[in-house]
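# With the sequence up front, the predicted model follows.
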Amino acid sequence: MILLLADVNIEGHVGRLAGLMQTQYWRELWEDLDIRLRTFADIGLSAADTDESVWLACQQQGLYLLTNNRNDDGPDSLEATIRIRNTETSLPVFTLSDADQVFRSKDYAERVVESLFDYLLRAESLRGAGRLFLP
Amino acid sequence: MKTKIIEIVDRGRGPQLSTCRITVQDLVPYLQQGLTHEQIREIMPVLSDDEITTVEQYVRENYEAVMELDQRIRARAAARRKPPQAEEAERQQRLARLDAARQRIRGQKQERNGDSAAR
């Protein structure tokens, strides 16, 4: 089973991507990987929690975090958290390289889906990779 | 639980809502596109009307700084983008791996079906 957590700023984006991932063309990969979406509430997080808390909760509970790419690289940022806390066994974080395009371009959304499936199919080998961009 | 005071603060990720992880820059592309609150809430259901209004007001009052940061973020994303040819080559490799995975899954299914039919 693969658990995905959408950051609160891309819940709609991930909903759209998950819809695409369950269309007939992709369904057998979705089912084989047994992908499940989780929300912040499901794993005891609040929408106001820090990047560090969110990253740690994902590591402790075995979730792959999906994030946006429009924040500063400050001391409490996700980038800083990964720099400090990432180990060779940590789960990677998947970041949409241009989240806005998910709604504006079906081709872009499809490429994100391809990229995400490609990563998830070899997820174990990607431990320690830190942040991976989609597509 | 959200606190009552909704304001813009900086916790090291750029200006963001005091009540929520969502940053001003998360909303900028959608404000630029002129999306309504309802449309924004379809993308970010966690946001309240008051929170969106607070961000809109911050953007109006700090327009130049917000747009300068928006440009920096867009430039950073553009710099990470690979040349189209390299991107396409990577995509073809990805699609080949996905096809191989599909074949593997189908093979496993057929094997399982064959096994159960043989029993």
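Noted; the coordinates are in hand.
# which residues in the chain form helices?
Chain wasn't specified; assuming chain A. Counting by DSSP state H, chain A has helices at residues A:11-21, A:27-33, A:51-61, A:78-85, A:101-104, A:106-121.
# hm, I was asking about chain B
B:24-32, B:37-43, B:49-61, B:63-80, B:84-118.
# Now whatever residue of chain B ends up closest to chain A: phi and psi?
Of all residues in chain B, B:Gly12 sits closest to chain A, at 3.1 Å by CB to the nearest CB. All C-beta spots, glycine's among them, are computed from the backbone N, C-alpha and C. With angles defined as degrees, to the nearest 10, B:Gly12 sits at phi 90, psi 10.
# Isn't it up against A:Leu78?
No: look at B:Gly12 against A:Leu78 with CB atoms under 8 Å: they stay out of range, at 10.1 Å.
# Compare these two (neighbour count), which wins?
A:Leu78 (24 against 17; other CB atoms under 10 Å in any protein chain shown).
# got the contact list for that one?
A:Asp51, A:Val54, A:Trp55, A:Thr67, A:Asn71, A:Val93, A:Arg131, B:Arg13 (CB atoms under 8 Å, 6 or more residues apart in numbering or on different chains).
# Between the helices of chain A, which one is closest to B:Arg80.
helix A:78-85 (12.9 Å; CB to CB).
# Quick one: mean pLDDT over the closest one.
Helix A:78-85 carries an average pLDDT of 92.
# Same list, the contacts of A:Leu78, but as JSON lines with distance to A:Leu120 please.
Listed next are these as JSON lines, based on distance: CB to CB, whole Å:
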{"residue": "A:Asp51", "distance to A:Leu120": "22"}
{"residue": "A:Val54", "distance to A:Leu120": "19"}
{"residue": "A:Trp55", "distance to A:Leu120": "18"}
{"residue": "A:Thr67", "distance to A:Leu120": "16"}
{"residue": "A:Asn71", "distance to A:Leu120": "24"}
{"residue": "A:Val93", "distance to A:Leu120": "13"}
{"residue": "A:Arg131", "distance to A:Leu120": "15"}
{"residue": "B:Arg13", "distance to A:Leu120": "26"}
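# By neighbour count, which of those residues wins?
Top of these by neighbour count (other CB under 10 Å): A:Val93, with 26 neighbours.
# For that one, give its distance to chain B.
14 Å (CB to the nearest CB, to the nearest Å).
# Give the buried residues for stretch A:103-113.
Within stretch A:103-113, the residues that count as buried by 16 or more other CB atoms under 10 Å in any protein chain shown are A:Phe103, A:Tyr108, A:Ala109, A:Glu110, A:Arg111, A:Val112, A:Val113.
# In JSON lines, list those residues along with distance to A:Arg122 and pLDDT.
Listed next are the buried residues of stretch A:103-113 as JSON lines, based on distance: CB to CB, whole Å; pLDDT from 0 to 100:
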{"residue": "A:Phe103", "distance to A:Arg122": "28", "pLDDT": "93"}
{"residue": "A:Tyr108", "distance to A:Arg122": "22", "pLDDT": "95"}
{"residue": "A:Ala109", "distance to A:Arg122": "22", "pLDDT": "97"}
{"residue": "A:Glu110", "distance to A:Arg122": "20", "pLDDT": "97"}
{"residue": "A:Arg111", "distance to A:Arg122": "18", "pLDDT": "96"}
{"residue": "A:Val112", "distance to A:Arg122": "17", "pLDDT": "97"}
{"residue": "A:Val113", "distance to A:Arg122": "16", "pLDDT": "98"}
